[in-house]
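> Generate coordinates for the sequence data below:
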Amino acid sequence: MNKNDYKKQAETHRLGLGNLKILQHPDIFKFTVDPILLSAFVRVRVEDKVLDLGTGVGVIPLWLAGYRGIQQIVGLEIQEQVADLAEENVKLNGFEDRLKIIRGDLRTPPPELTGGKFDWVVSNPPYWPPNSKTLPIINPVLARAKFELTCNLEQVVSTASRLCRGNGRVGFIHLAERLTDLLYLMRKHQLEPKRLCVVYPKPGSAPRRVLVEGKKNSSPGLIILAPFYIQQENGEFTPEMMEVYKGKPLF
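Sure, this is the predicted structure:
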């Protein structure tokens, strides 16, 4: 399917409970709550320069610009069709002067990204190694987004370290079951874990996701935050999750 076909078949949805909009394509994948949680978790300041590795259709940059007021955001995306939609989303929300989508491979970042110039580098990376689950062969775009086919976790972490400034920060969301991998790789690449939040679908359930903030070249010292619940026992969103959907910071 060519670029224009993807645009024609894309669907427009509301992003959060504010005025943001997002184009998605039914044959690619639809965003989950994960990039929204990460956008709410990171302690970005208006003046920070932010890079999103593997930006997809641009959920994190859109959220940070629209709800957190960030003025300089770059999204890096390797998949052409997905990057096309991300660019359309930038235009749809009128953020051309604040957001830039760059096509490229995070393993060999384009020259304009190198030099350790970013205050924050964030990522909602692929979660599963290729041999851990059945790949969705009929949807290669989804497979590359969810499985470590074009990059693995260490490559994401090491690139984040290289591209953030000397005392810059990083933010990741990942599977709870891979927390050990994430913390180990962060410290290996000079990103000291500083804040950790465990995310639960609802009270009484096992945790599904972890949110981790790291600081480059920092001394040890990890703050474990209160657990975050997405839903109440009755299935409705928690008040805290509703605040996130309104664009409020997580903590």
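> and residue 96, how many residues sit next to it?
Other residues lying near residue 96 total 10 when counted by other CB atoms under 10 Å. In this view, the C-beta of every residue, glycine as well, is placed from N, C-alpha and C.
> just the one 5 residues further on next, same as before
A count of nearby residues for residue 101, using other CB under 10 Å, gives 23.
> Kindly state the beta-bridge partners for it.
Residues in a beta bridge with residue 101, per DSSP bridges, are residue 75.
> how much space between it and residue 146?
Residue 101 sits 20 Å away from residue 146, taking CB to CB, to the nearest Å as the criterion.
> How about residue 91?
As judged by CB to CB, residue 91 and residue 146 stand 27 Å apart.
> In contact with residue 228: list those residues for me.
Applying CB atoms under 8 Å, 6 or more residues apart in numbering to residue 228 gives the contacts 37, 197, 198, 199, 200, 211, 240, 250.
> and which of those residues is nearest residue 120?
Nearest to residue 120 out of those is residue 211 (CB to CB; 13.7 Å).
> Compute the number of surrounding residues for that closest one.
There are 23 residues near residue 211, going by other CB under 10 Å.
> name the element it belongs to?
Using DSSP states H and E, residue 211 maps to strand 209-216.
> What is that strand packed up against?
Here strand 209-216 touches helix 34-41, strand 164-175, helix 179-188, strand 191-200, going by 3 or more CB pairs under 8 Å, 6 or more residues apart in numbering; DSSP states H and E.
> Strands of the chain, start to end?
Using DSSP state E, the strands of the chain run over 11-14, 21-24, 49-53, 72-77, 99-103, 118-123, 164-175, 191-200, 209-216, 223-224, 228-229.
> how about these, which one is nearest residue 142?
strand 21-24 (12.0 Å).
> out of the contacts of residue 228, who has the most neighbours?
For the contacts of residue 228, the largest number of neighbours (other CB under 10 Å) sits with residue 211, at 23 neighbours.
> Who does that residue form a beta bridge with?
Per DSSP bridges, the residues bridged to residue 211 are residue 173, residue 197.
> What does the pLDDT read for residue 14?
pLDDT for residue 14: 92.
> Chain neighbours aside, what residue packs nearest to it?
Take residue 14 and drop its neighbours on the chain: the residue closest to it by CB to CB, 6 or more residues apart in numbering is residue 21, 6.4 Å away.
> List the contacts of the one you found.
Residues in contact with residue 21 (CB under 8 Å, 6+ apart) are 12, 13, 14, 15, 89, 92, 93.
> Tally up the residues packed near the third one, please.
By the criterion of other CB under 10 Å, residue 14 has 11 neighbours.
> Equivalent analysis for the first one, please.
As a burial measure, the neighbour count of residue 12 was computed by other CB under 10 Å and equals 12.
> Show me where the stretch 1-150 of the chain has its helices.
Ranges of helices in the stretch 1-150 of the chain, per DSSP state H, counting those that start in this stretch, are 3-9, 34-41, 59-68, 80-92, 140-146.
> Would you mind giving these as JSON lines with mean pLDDT and distance to residue 174 added?
Below are those laid out as JSON lines (pLDDT from 0 to 100; distance: least, CB to CB, whole Å):
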{"stretch": "helix 3-9", "mean pLDDT": "56", "distance to residue 174": "28"}
{"stretch": "helix 34-41", "mean pLDDT": "98", "distance to residue 174": "9"}
{"stretch": "helix 59-68", "mean pLDDT": "98", "distance to residue 174": "14"}
{"stretch": "helix 80-92", "mean pLDDT": "94", "distance to residue 174": "20"}
{"stretch": "helix 140-146", "mean pLDDT": "75", "distance to residue 174": "12"}
